[in-house]
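Trainee: Please find the sequence and the predicted model below.
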Amino acid sequence: MQKEIKNGRFTGANDKLSLFDLVIPNNWNNVLIIFIHGFMGYKDWGAWNLVSDYFTSHNYAFLKYNVSHNGGTIDNPIDFDDLVSFSKNNYLKEVQDFEAILHYIENEFEEMPEIYVIGHSRGGGIALLQSDNKSVHKIVTWAAISRIDTRFPKGEQLEEWKKKGVYYRKNGRPNQEMPHLYSQYENFIQNKDRLDIPKYCKNTTTPTLVIHGDNDSSVSIQEGKEIAEWLSTDLVVIKDTQHTFDSKQPWESEKLPEKLQEVCEKTLVFFEE
């Protein structure tokens, strides 16, 4: 019988509670896919629930979670009610959130399943930072970032951020000004080695598939090319599509967008190899 947990709780970075969804299908193949969402995202964004359905229909278990400091709350995981937590988020916390999810799996499953990881955008970068993790058997990146240092303001803007202690970036959907504390940058500098995506890519032996849309205006396809080059693999280019492969929030269709369906199909082929 299919097992499903909706809005289960796990303890993420800084002991902050966050939510996850887990579906284990009837004819489970003993592989668990962990899905990591991107910046200003969450597990129920757009068509991510349909992505879960796609893989569980092919006998994979699927777990997706909210990073602990994404700005959502236990009571309201879709909107960004907790901007204080959002302002304190950093890349290391998201690495720790992934490790907390692995810890949950270790505790809940009698036998550790094979773990495959899909990361979208910033989540793709977090996935690549698990390239040396012995629990992770395969990684797929969807429109992933290739570096973390380039995400921060530069020059005068960096000095201004340091002086003021905070800068704001607009999130178009809820029309919110999202705060970023300067401590995010300080944390990156302190943990540069652990957050060095190129280094992890160049030293990994974990099979990795890199997928990118050719019209991505949020994360340039050049970043996908860099990742593929570091991994000594081919970049899989999805033609005529953007950062979320034509998915959007809200997604009201019961079918995946055609381009995201293509992404799922290519990912499945890689998982089945």
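Mentor: Alright, I've got the coordinates. Residues are numbered from 1 along each chain as shown.
Trainee: need the contact list for Glu254.
Mentor: Counting by C-beta atoms under 8 Å, 6 or more residues apart in numbering, Glu254 touches Leu50. Every C-beta, even on glycine, is put in place using the N, C-alpha and C of the backbone.
Trainee: ok, now which residue in the protein is the farthest from the centroid?
Mentor: The centre of the chain is farthest from one residue, Lys163, which by C-alpha atoms, centre = their mean lies 30.7 Å away.
Trainee: Can you check my assumption that that residue lies in a helix?
Mentor: Yes: assessed by DSSP: H, G, I helix; E, B strand; the rest coil, Lys163 belongs to a helix.
Trainee: ok, Lys170 - how many residues close by?
Mentor: Neighbour count of Lys170, defined by other C-beta atoms under 10 Å: 10.
Trainee: what are the ranges of the strands in the stretch 51-200 of the chain?
Mentor: 61-65, 114-120, 136-142, 166-171, 176-181 (DSSP state E, counting those that start in this stretch).
Trainee: what's the closest of those to Glu108?
Mentor: With distances scored as C-beta to C-beta, the stretch of the strands of the stretch 51-200 of the chain nearest to Glu108 is strand 61-65 (10.3 Å).
Trainee: in its sheet, what does that closest one sit against?
Mentor: Using DSSP bridges, the strands paired with strand 61-65 are strand 17-24 (antiparallel), strand 31-36 (parallel).
Trainee: so what's Lys3 closest to, chain neighbours aside?
Mentor: In space, and not counting its chain neighbours, Lys3 is closest to Ile24: 4.3 Å by C-beta to C-beta, 6 or more residues apart in numbering.
Trainee: and that neighbour, what does it touch?
Mentor: Counting by C-beta under 8 Å, 6+ apart, Ile24 has contacts 2-4, 56, 61.
Trainee: By neighbours, which of those wins?
Mentor: Busiest of those [other C-beta under 10 Å] is Ala61, holding 26 neighbours.
Trainee: and the gap between that one and Tyr116?
Mentor: 10 Å (C-beta to C-beta, to the nearest Å).
Trainee: Name the strands paired with the lowest-mean-pLDDT helix or strand in the chain and say parallel or antiparallel.
Mentor: For the chain, counting by mean pLDDT, DSSP states H and E, strand 166-171 ranks last in confidence among helices and strands (a mean of 92). Strand 166-171 sits in its sheet next to strand 176-181 (antiparallel), going by DSSP bridges.
Trainee: what kind of secondary structure is Arg9 in?
Mentor: Following three-state DSSP, the label given to Arg9 is strand.
Trainee: How about it, nearest residue that isn't a chain neighbour?
Mentor: Nearest non-adjacent residue to Arg9, counting by C-beta to C-beta, 6+ apart: Leu17, 5.4 Å away.
Trainee: what's the burial count for the one you found?
Mentor: Considering only other C-beta under 10 Å, Leu17 is surrounded by 12 other residues.
Trainee: Equivalent analysis for Gln130, please.
Mentor: 23.
Trainee: wait, it sits on Ile118?
Mentor: No: counting by C-beta atoms under 8 Å, Gln130 stays clear of Ile118, with 11.8 Å between them.
Trainee: Please enumerate the shared neighbours of those two.
Mentor: Both Gln130 and Ile118 are in contact with Ile139, where contact means C-beta under 8 Å, 6+ apart.
Trainee: how about the residue nearest in space to the middle of the chain, what does it touch?
Mentor: Nearest to the mean C-alpha position of the chain, by C-alpha atoms, centre = their mean, lies Gly123 at 2.2 Å. Taking C-beta under 8 Å, 6+ apart, we find Gly123 in contact with 35-38, 41, 94, 144.
Trainee: ok, now Gly71?
Mentor: By C-beta under 8 Å, 6+ apart, the contact set of Gly71 is 40, 80-83, 85-86, 89, 178.
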